[in-house]
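Trainee: The sequence isn't on hand, but the structure is:
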Ligand SMILES: C[S+](C)CC[C@H](N)C(=O)O
Ligand SMILES: N[C@@H](CCS)C(=O)O
Ligand SMILES: [Zn+2]
């Protein structure tokens, strides 16, 4: 979906949201769905393991989220691959493959809509609409595989320069992979936000990006850095098309949207997790002392009223979460009527 420069980059997501009827649906927990299909992700590569062992499953999960109503599917490139038993070349090929698989799923979905419009009429599964592929870049903490994407405690030895160097190659590759945007996900601190913004500028990245933070309460990123500061850093960069929060307990989302809205007019995205806590040692999720709130969909209307415009789910959310979000938004917005979408957008 080529863009013609930074001016277009900044308005790209707004145009997309207009086409979606004002609000867009992001997919749900990707690894969670892989595990539901039997994938064992107890591996340093985590969900990226399936790019090697079961690419058909990666494509299938993307397709399932499209069937659930997603407008944006996020690639399986979340976990950094360096020094995880792969050569540099193998790691780079895997990054490209992650985008190809998502693009293939989109193509299959769109072909199915074209060829079998009766499918749409029969069960509402297939409905032509704008769909973007977002290339995931998980934080440095994700790569460390010790749960530090939920703490942001990288230590004094890690600087903005360290982080830029760590992320540079992955960002260059994903920017030229055919993805529509880069999803910087689960960012736990302002240091990494600064590194991403500088990297986007230094490398002259021409596809848009979003910056999405993991947070520990209603007003702070996981490290304790203020959300106001984190979102201001994101706001300062032209290539950043949206700012938001992911893999965070639903109970904090409303306050976080208010903080973000105070410092930016860019679109706000939210894709919370189930409210459980990640146990990095065993690579499992445990009930939080405050309880899980899997069924957060009833809050989507309130989050929309607070100013968010992109909604999805992160870890431990499922196809049902995304179906319910799609339903909640289509009941309340001017999302395009599927029956005349083709005339307008295809
Ligand atoms: C979003 S977390 C559940 C991803 C996995 C983590 N980086 C790990 O390797 O343990
Ligand atoms: N896109 C990633 C985010 C993990 S926090 C996933 O859904 O697995
Ligand atoms: Zn998550």
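Mentor: Yep, that arrived. Predicted model only: the values in this text are computed from it and were never measured. Numbering: from 1, shown residues only. Ligands and ions are numbered 1, 2, ... in the order given.

Trainee: Give the rounded mean pLDDT of stretch 55-63.
Mentor: On average, the pLDDT along stretch 55-63 is 98.

Trainee: Contacts for stretch 158-165, please.
Mentor: 140, 154, 191-192, 194-195, 198-199, 202 (C-beta atoms under 8 Å, 6 or more residues apart in numbering). The way it works is simple: take the backbone N, C-alpha and C, and place the C-beta from them, glycine included.

Trainee: Go through the residues you listed and flag which are in helices.
Mentor: 140, 191-192, 194-195, 198-199, 202 (DSSP state H).

Trainee: looking at the residues you listed, which has the most residues close by?
Mentor: residue 192 (31 neighbours; other C-beta atoms under 10 Å).

Trainee: ok, back up a step: report the two of the contacts of stretch 158-165 separated the most.
Mentor: Using C-beta to C-beta, those span at most 20.3 Å, a distance reached by 154 and 202.

Trainee: what are the phi and psi angles of the closest residue to residue 109 other than its chain neighbours?
Mentor: Of all residues not flanking residue 109 in the chain, residue 66 sits nearest, at 4.4 Å (C-beta to C-beta, 6 or more residues apart in numbering). Here is the backbone geometry of residue 66 (degrees, to the nearest 10): phi -70, psi -40.

Trainee: mind listing what residue 66 touches?
Mentor: Contacts of residue 66 (C-beta under 8 Å, 6+ apart): 73, 105-106, 109, 131.

Trainee: from the ones in helices among the contacts of stretch 158-165, which is closest to residue 234?
Mentor: Nearest to residue 234 among the ones in helices among the contacts of stretch 158-165, counting by C-beta to C-beta, is residue 194 at 9.7 Å.

Trainee: any idea how far that closest one lies from residue 155?
Mentor: According to C-beta to C-beta, to the nearest Å, residue 194 and residue 155 sit 16 Å apart.

Trainee: Repeat that for residue 255.
Mentor: In terms of C-beta to C-beta, residue 255 sits 29 Å off from residue 155.

Trainee: more crowded one of the two?
Mentor: Under the neighbour definition other C-beta under 10 Å, residue 255 and residue 155 were set side by side, and residue 255 has more, 16 against 6.

Trainee: In this structure that one contacts residue 218, no?
Mentor: Yes. If you go by C-beta atoms under 8 Å, residue 255 and residue 218 touch, sitting 2.7 Å apart.

Trainee: Kindly report the residues of the stretch 51-200 of the chain close to ligand 2.
Mentor: Residues of the stretch 51-200 of the chain that fall close to ligand 2, judged by C-beta under 6 Å from any ligand atom: 74, 78, 136, 185-186.

Trainee: the helices in the stretch 51-200 of the chain, which residues?
Mentor: Shown for the stretch 51-200 of the chain, the helices assigned by DSSP state H, counting those that start in this stretch span residues 55-67, 88-115, 117-123, 140-144, 160-175, 190-202.

Trainee: Lowest average pLDDT across the ones you listed?
Mentor: helix 117-123 - the lowest mean pLDDT of those, at a mean of 54.

Trainee: Run through the residues of this protein sitting next to ligand 3.
Mentor: Proximity of the chain to ligand 3, by C-beta under 5 Å from the ion, involves residues 247, 314-315.

Trainee: out of those, which are buried?
Mentor: Applying 16 or more other C-beta atoms under 10 Å to the residues of the chain next to ligand 3, the neighbour count classes 247, 314-315 as buried.

Trainee: Among those residues, which lie within strands?
Mentor: Judged by DSSP state E, these include no members of strands.

Trainee: For the residues you listed, give me TSV that also has distance to ligand 2 and pLDDT.
Mentor: Output for these, formatted as TSV (distance: C-beta to the nearest ligand atom, whole Å; pLDDT from 0 to 100):
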residue	distance to ligand 2	pLDDT
247	4	98
314	5	98
315	5	98
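
Trainee: can I get these in JSON lines with distance to residue 239?
Mentor: Below are these laid out as JSON lines (distance: C-beta to C-beta, whole Å):
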{"residue": "247", "distance to residue 239": "22"}
{"residue": "314", "distance to residue 239": "23"}
{"residue": "315", "distance to residue 239": "27"}
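
Trainee: Could you give the number of residues near residue 40?
Mentor: 11.

Trainee: got it, and residue 17?
Mentor: If we define neighbours as other C-beta under 10 Å, then residue 17 has 19 of them.

Trainee: do residue 107 as well
Mentor: Count around residue 107 with other C-beta under 10 Å applied: 11.

Trainee: tell me the contacts of it?
Mentor: By C-beta under 8 Å, 6+ apart, residue 107 has no neighbours at all.

Trainee: ditto for residue 295
Mentor: Per C-beta under 8 Å, 6+ apart, neighbours of residue 295: none.

Trainee: now do 10 Å
Mentor: Applying C-beta atoms under 10 Å, 6 or more residues apart in numbering to residue 295 gives the contacts 250, 274-275, 317, 320-321, 324.

Trainee: If you rank the residues you listed by neighbours, which is first?
Mentor: Counting neighbours by other C-beta under 10 Å, the top entry in the contacts of residue 295 is residue 317, with 28 neighbours.

Trainee: you'd agree that one is up against residue 29?
Mentor: Yes. Proximity of residue 317 to residue 29 meets the contact threshold set by C-beta atoms under 10 Å, at 4.7 Å.

Trainee: what's the pLDDT at residue 341?
Mentor: Per-residue pLDDT puts residue 341 at 29.
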